[in-house]
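Enquirer: following is a predicted model, sequence given first.
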Amino acid sequence: VLDTVLFRGLRVTRARSILRELTLVPGDTLTVAEARRQARRSAELAYNTGLFNFARAVLRFAPPQAPGGPLRLHVAFDVQERWYITPEGVFRVEEQTMAEWLKNPTLARLTYGLGLSWRNITGRNDRARIFFTLGYTRSLSLSYGLPFFDTRRGLGLGLGLGLSENNEAIYGTQGDSILRLRLPGGQAVARRYGASIGLSKRITQNRGADFSVGFTALWAADSLRRLAPGFLPALGSVEPASAGAIAGQRYLRYPTLGAALWWDTRDVRAFPLRGTRAEASLLLAGAGLGNASFAIVDARWFHFAPTPLRRVYIAYGGRAIAALGGQLPFQAKPQLGFVPLRGFEARFIEGQVVAAAKTELRLELLRRRLVSWRWLPKVFRQFAFGAYPYLFFDAGTVLDSSPFQTERRYKDRLLTGWGIGIDIPHFYDNVF
């Protein structure tokens, strides 16, 4: 019988915010083998919160209280909290790949900025973030997320606000070239404003649902709308400059309503070797309100498992995104980079339906394990490190029957890509 569950190493984090992650509950009656299995899984779930450098379960069995009674089990979780207030730099090349940017390096296609992330503010794994960027994209974004606010620790809350402006915009492709528009003097070409509020429901440790309500406003310069009528199709065509602006049709405005269901049994979510991740979501935009109406359906499923070969793992699955409605803004159209399809990173291929299947074989060259660098401060000293070379094969397609198209070379056909690489999980769950 499970008698007690305790945590050693908590300073900021509240114990009850971690108890909600565990599969073990005091009073459970378990076999020794089941107790070990659930303790190991609970340690994985505690680590998956992103709050700790490590989480280990220590089991201690005590004699029964009465002769012939069950053994009493005490479980202690040893954890080390991370550093929760982190400044973050933003440096992003606004090309499909770094190799494309190096062909014609220019500061005009760099986005740079600063941000601050404060995690575990109240000890309940909540998180606030603020970011601002300059350069190619000038933006400001703020967000706050709280995993639970009710006494049963099952309902969560999320808030977001974002503003952005670009003086260059992608509006299509021609052959192997991406079509862009840049106005002289650094004039704005496109702007985006958005706000959202979300509610999450934890059903079990492995299943949940998310709901959101938001509002989006998009603006595009008349020059861009003349050149690409499909950029904001719901606003209609733009008359020649001499006719002036179209009154009341400068912005595309619409509310959004979103819902998602997810199921996740992965061992370590930042770099899984075992388990399954599945998610299905629906985003409704407009729905009779505003001046746009469309929907986006997104479904994904991925499975991770060991193979009969020693130290070899397989990962496979797929993702499909479908955009429904004839008033879909260009910025909201699915594109192959959302999946992504490896081997086509340099291509910008958008459409109404994007789907891909992915397979990967990983070799455990250096098993992911906890390492310690004693010369670092304590909160950074220990982290997981490993090395996994892999072979991948991807296949996908992009379907598009919309009237606003600039290129069909890669659409309505099977696209395949394969290659090799190496993943190196390291500091604070990052993968290089």
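Expert: Sure, I can see it.
Enquirer: now the helices for the stretch 251-400 of the chain?
Expert: For the stretch 251-400 of the chain, helices defined by DSSP state H, counting those that start in this stretch occupy the ranges 378-381.
Enquirer: give me the residues contacting the top helix by length along the chain.
Expert: In the chain, ranked by residue count with DSSP state H as the criterion, the top helix is helix 32-47. Residues outside helix 32-47 that contact it (Cβ atoms under 8 Å, 6 or more residues apart in numbering) are 2, 18, 21-24, 30, 52, 54-57, 59, 61, 71, 73, 75, 77, 79, 205, 267-268. Placement of C-beta: from N, CA and C, glycine included.
Enquirer: surely residue 172 meets residue 180?
Expert: No - using Cβ atoms under 8 Å, residue 172 makes no contact with residue 180, being 9.2 Å away.
Enquirer: so between these two, which is more surrounded?
Expert: Under the criterion of other Cβ atoms under 10 Å, the comparison of residue 172 against residue 180 puts residue 172 first, with 19 against 14.
Enquirer: that one: helix or strand, and which one exactly?
Expert: In the assignment (DSSP states H and E), residue 172 maps to strand 168-174.
Enquirer: so which elements touch the helix or strand following that strand?
Expert: As assigned by DSSP H and E, the chain's next helix or strand after strand 168-174 is strand 177-182. For strand 177-182, the packing partners by 3 or more Cβ pairs under 8 Å, 6 or more residues apart in numbering; DSSP states H and E come out as strand 168-174, helix 222-227.
Enquirer: quick one: strand 177-182 to strand 168-174, angle?
Expert: Computed by axes from the mean of the first three to the mean of the last three Cα atoms, to 10 degrees, the angle separating strand 177-182 from strand 168-174 equals 150 degrees.
Enquirer: with just CA atoms, put strand 177-182 into PDB.
Expert: Extracted as PDB, the C-alpha positions of strand 177-182 are listed here (Å, rounded to 0.1, in the frame of the first residue of the first chain):
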ATOM      1  CA  SER A 177      12.000  31.800 -56.400                       C
ATOM      2  CA  ILE A 178       9.900  33.200 -53.600                       C
ATOM      3  CA  LEU A 179       8.000  36.300 -54.600                       C
ATOM      4  CA  ARG A 180       8.400  39.200 -52.200                       C
ATOM      5  CA  LEU A 181       7.300  42.900 -52.100                       C
ATOM      6  CA  ARG A 182       9.300  45.600 -50.400                       C
END
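Enquirer: now do the buried residues in the next helix or strand after that strand.
Expert: Counting by DSSP H and E, the next helix or strand C-terminal to strand 177-182 is strand 190-202. Neighbour counts using 16 or more other Cβ atoms under 10 Å place 190-194, 196, 198, 200, 202 of strand 190-202 among the buried residues.
Enquirer: what lies in contact with strand 190-202?
Expert: 20, 147-148, 153-166, 169, 208-221, 224, 231, 256, 258, 331.
Enquirer: rerun at 7 Å
Expert: Strand 190-202 is contacted from outside by 154-166, 169, 208-220, 224, using Cβ atoms under 7 Å, 6 or more residues apart in numbering.
Enquirer: among the residues you listed, which ones are in strands?
Expert: Counted as lying in strands by DSSP state E, out of the contacts of strand 190-202, are 155-166, 169, 208-220.
Enquirer: what pairs with residue 7 across the strands?
Expert: Using DSSP bridges, the bridge partners assigned to residue 7 are residue 77.
Enquirer: now for it: which residues touch it?
Expert: Residue 7 is in contact with 15, 18, 77, 79, counting by Cβ under 7 Å, 6+ apart.
Enquirer: let's see that with 8 Å instead.
Expert: By Cβ under 8 Å, 6+ apart, the contact list for residue 7 reads 15, 18, 76-77, 79.
Enquirer: can you select the buried ones from those in PyMOL?
Expert: The PyMOL selection below is limited to those of those classed as buried (16+ other Cβ under 10 Å):
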select buried, resi 18+76+77+79
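Enquirer: tell me the one among the contacts of residue 7 nearest to residue 396.
Expert: Nearest to residue 396 among these, counting by Cβ to Cβ, is residue 18 at 39.1 Å.
Enquirer: just how off-centre is stretch 111-129 within its chain?
Expert: In terms of Cα atoms, centre = their mean, to the nearest Å, the centre of stretch 111-129 is found 16 Å from the chain centre.
Enquirer: I'd like the distance between residue 7 and residue 55.
Expert: The gap separating residue 7 from residue 55 is 9 Å, by Cβ to Cβ, to the nearest Å.
Enquirer: what sits in contact with each of these two?
Expert: Common contacts of residue 7 and residue 55, defined by Cβ under 8 Å, 6+ apart, comprise 77, 79.
Enquirer: give the buried residues for the strand holding residue 172.
Expert: So strand 168-174, judged by 16+ other Cβ under 10 Å, has buried residues 168-173.
Enquirer: pLDDT of it, averaged?
Expert: What strand 168-174 shows for mean pLDDT is 84.
Enquirer: what helices or strands is that strand leaning on?
Expert: strand 177-182, helix 222-227.
Enquirer: now do it: distance to the chain's middle.
Expert: Distance of strand 168-174 from the chain centroid (Cα atoms, centre = their mean) equals 25 Å.
Enquirer: which residues does the residue nearest to residue 108 when sequence neighbours are not counted contact?
Expert: Here the nearest residue to residue 108 in space, its sequence neighbours aside, is residue 136; by Cβ to Cβ, 6 or more residues apart in numbering that works out to 6.7 Å. Neighbouring residues of residue 136 by Cβ under 8 Å, 6+ apart: 92, 94, 108-111, 166-168.
Enquirer: in CSV: those residues, plus distance to residue 423.
Expert: Output for the contacts of residue 136, formatted as CSV (distance: Cβ to Cβ, whole Å):
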residue, distance to residue 423
92, 21
94, 25
108, 33
109, 28
110, 26
111, 26
166, 32
167, 36
168, 33
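Enquirer: nearest to residue 412 among the residues you listed?
Expert: Of all those, residue 412 sits closest to residue 94, with 28.0 Å by Cβ to Cβ.
Enquirer: isn't that closest one right next to residue 107, touching?
Expert: No - assessed by Cβ under 8 Å, residue 94 is found out of contact with residue 107, at 10.7 Å.
Enquirer: which one's more surrounded, these two?
Expert: residue 94 (17 against 8).
Enquirer: what pLDDT does residue 293 get?
Expert: So residue 293 comes in at 88 (pLDDT).
Enquirer: begin at 57 from here
Expert: Yep, numbering from 57; the last one is residue 349 now.
Enquirer: contact partners for it?
Expert: Residues near residue 349 by Cβ under 8 Å, 6+ apart: 290, 310, 341-343, 381, 383.
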